[in-house]
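Enquirer: sequence and predicted structure are below.
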Amino acid sequence: MGNFEITRCLSPRELADTVAQRWLEELAARTNASANYTAALSGGRIAKDFFSAVAEQAARRSELFRGVHFFWADERCVPPDHNESNFASAQLLLFTPLGIPPVQIHRVRGEVEPERAAEEAATELRRFATTTRDGQPVLDMVFLGMGEDGHVASLFPGEPPECLTDARVYRAVTAGKPPPRRITLGYPVLAAAQKVWVLASGAGKEEALRQSLLPDGATPLANVLRARQSTVIFSDLG
C-alpha cells in the first residue's frame, strides 16, 4: 500500500506535540477562516495527550478555531459526565481551556438509545459538512487512535463484510471491550473524509500496526487505509 505516510516519533509526548503543531498550522493556513471546518475526535490515552498539547500550543491563538465544528469518530453509550465518555475528555482538556463555544461542539448523545443517538449524530453532521454524491458527509479532518487489535473508532475486528459498505454515517455497535455499547462512524464516511490522521501509540500495538500496513491486512485500520487515497499515521511504536 502506497496510499499512506508514516511520521515516526520517539514518545507519546512528542507524537501529541507533533500532531497538535501540524494541525494548528493547517488551521492557520485556511484560506476562508469563516467557513465551516468539521473535525471528528476520538478517545483514548493518546487522544488526551493530543487534546492537552493543542490547548497548550493554542492558548493565545483561539482565533484559529473560528468556524471549527467538533464531532466524534465514536462515543461510548454513557452520560456526558461519565469517566468513559470521549466527550468528557475533550471537554475537560480541550474545549474548556480554549473557550470553544458550545455551538461548535456536537457531541454524540451516549445517554440515549443508541440507534436514536446514531441517527441524531448523522443528521447533525450533515448540517455542517458537504456531502458526496452518495450522500456521505465529508469531514475536513478525522483523528483516529488504534487499539491492540487494530481497531479504529469503534470499528472492531470480526464484523461481517457488509459492514465495509454500510452507508449509515453513524451506527450502534457492540464492542469486545468495555464499555461494550458504542456509536461509531462507518467505513464509508471515513473513506470520504478530506483527511484522516491516525495516532498509533501504546505498548503492545506494534504487531497490530504492522499487520494494518500490509496490502492484505485484515484489521479495521487496514480496511480504512485501503478505502482512502491518502492517510497520515503518526507512530511512536518500534
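Expert: Looks like it arrived, so ask away.
Enquirer: low-confidence ranges, the protein, go.
Expert: 1 (pLDDT under 70).
Enquirer: all helices of it, in order?
Expert: Assigned by DSSP state H, the helices in the chain fall at 12-28, 45-57, 86-90, 96-98, 114-128, 187-192, 206-212, 220-227.
Enquirer: dump these into JSON lines; add mean neighbour count as well.
Expert: Using the backbone N, CA and C atoms, a C-beta is placed for each residue, glycine as well. Formatted as JSON lines, the helices of the chain follow (neighbours: other C-beta atoms under 10 Å):
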{"stretch": "helix 12-28", "mean neighbour count": "18"}
{"stretch": "helix 45-57", "mean neighbour count": "20"}
{"stretch": "helix 86-90", "mean neighbour count": "23"}
{"stretch": "helix 96-98", "mean neighbour count": "15"}
{"stretch": "helix 114-128", "mean neighbour count": "18"}
{"stretch": "helix 187-192", "mean neighbour count": "22"}
{"stretch": "helix 206-212", "mean neighbour count": "18"}
{"stretch": "helix 220-227", "mean neighbour count": "23"}
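Enquirer: looking at those helices, which is closest to residue 6?
Expert: helix 206-212 (9.0 Å; C-beta to C-beta).
Enquirer: counting by contacts, list what the closest one packs against.
Expert: With contacts defined as 3 or more C-beta pairs under 8 Å, 6 or more residues apart in numbering; DSSP states H and E, helix 206-212 has these neighbours: helix 220-227.
Enquirer: chain center to the helix it packs on: distance?
Expert: For helix 220-227, the separation from the chain centroid amounts to 14 Å (computed by C-alpha atoms, centre = their mean, to the nearest Å).
Enquirer: do stretch 41-61 as well
Expert: The chain centroid and the centroid of stretch 41-61 are separated by 13 Å under C-alpha atoms, centre = their mean.
Enquirer: now stretch 157-165
Expert: On C-alpha atoms, centre = their mean, the centre of stretch 157-165 falls 19 Å from that of its chain.
Enquirer: check stretch 93-108 too.
Expert: The chain centre lies 15 Å from the centre of stretch 93-108; the measure is C-alpha atoms, centre = their mean.
Enquirer: next one: stretch 137-153
Expert: The answer for stretch 137-153 is 4 Å, by C-alpha atoms, centre = their mean.
Enquirer: now stretch 13-23
Expert: Counting by C-alpha atoms, centre = their mean, stretch 13-23 comes out at 15 Å from the chain centroid.
Enquirer: which outside residues touch it?
Expert: 7, 9, 46, 49-50, 52-54, 56-58, 141, 143, 197, 199, 201, 234-236 (C-beta atoms under 8 Å, 6 or more residues apart in numbering).
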